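In: need a structure here:
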Amino acid sequence: MAKVHVTTTINGEPMEFLCEPSDTMLDALRGTLNLTGSKEGCASGDCGACSITLDDRLVCSCLMLAVESEGHEIRTIEGMAQGDRLHPLQQKFLEMAALQCGICTSGMLVASDALLKKNPDPSEEEVRFWLAGNLCRCTGYDKIVRAVMETAAEMRAQ
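Out: Residues are numbered from 1 along each chain as shown. From the prediction side, this is the model:
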């Protein structure tokens, strides 16, 4: 089958790539585009490890075809830091040890960032609800939730 030419924007940069019509966005990110921060945890949209944003909407890249990114804005974990300066969420996850094995971390960070862009002052219940689609088998979520809450407070104070 012929490859499909896709033109999109990823992390603020115009991108063009070729993919098979059946390739998922996760396949394209990790393979063709060599953006390996998004992880494959389940390949069924259940774990959130592959979370990205598509036009500011949180999606599981394992459930999206790469060809569907045509003309859209994609943001991945690689787009969070500004050069060597970590995003405040990334810094807080490190400071509070809100990560362990790392499989869920990129998805948790992308989902947390999407939440704070929509709601800069979330309650703990809202953070837990928003992150319910992201599974973590290591931390028990409390450190992650606290890191998001503290980051939100610090970002509002700036």
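
In: what does the pLDDT read for Glu126?
Out: Note on Glu126: pLDDT of 98.

In: distance of it from Leu94?
Out: Relative to Leu94, Glu126 is positioned 23 Å away (Cβ to Cβ, to the nearest Å). (Glycine included, C-beta is placed from N, CA and C.)

In: neighbour count: the two, which is higher?
Out: Shown here are Glu126 and Leu94; by other Cβ atoms under 10 Å, Glu126 has more neighbours (16 against 12).

In: if I read this right, Glu126 contacts Pro120, doesn't it?
Out: No: with contact defined as Cβ atoms under 8 Å, Glu126 does not reach Pro120; the gap is 11.2 Å.

In: for Arg85, give the beta-bridge partners.
Out: When assigned by DSSP bridges, Arg85 has beta-bridge partners Gln82.

In: run a quick neighbour tally on it.
Out: 9.

In: against Met25, how distant is it?
Out: From Arg85 across to Met25, the span is 27 Å (Cβ to Cβ).

In: show me where this structure has its strands.
Out: Taking DSSP state E, the strands of the chain run over residues 4-10, 13-19, 51-54, 57-60, 73-75.

In: center of the protein, which residue is that?
Out: Val110 (3.1 Å; Cα atoms, centre = their mean).

In: for that one, give its distance to Val4.
Out: With distances taken as Cβ to Cβ, Val110 is found 25 Å from Val4.

In: go on, Ile77?
Out: Between Ile77 and Val4 the distance, using Cβ to Cβ, works out to 25 Å.

In: could you do Met25 as well?
Out: Taking Cβ to Cβ, one finds Met25 at 13 Å from Val4.

In: give me the common contacts of the two.
Out: Residues touching both Met25 and Val4 (Cβ atoms under 8 Å, 6 or more residues apart in numbering) are Ala66.

In: and the nearest residue to Gly48 once chain neighbours are set aside, how many neighbours does it have?
Out: In this structure, Gly48 finds its nearest non-sequential neighbour in Asn134, 3.3 Å apart by Cβ to Cβ, 6 or more residues apart in numbering. Counted with other Cβ under 10 Å, residues neighbouring Asn134 total 24.
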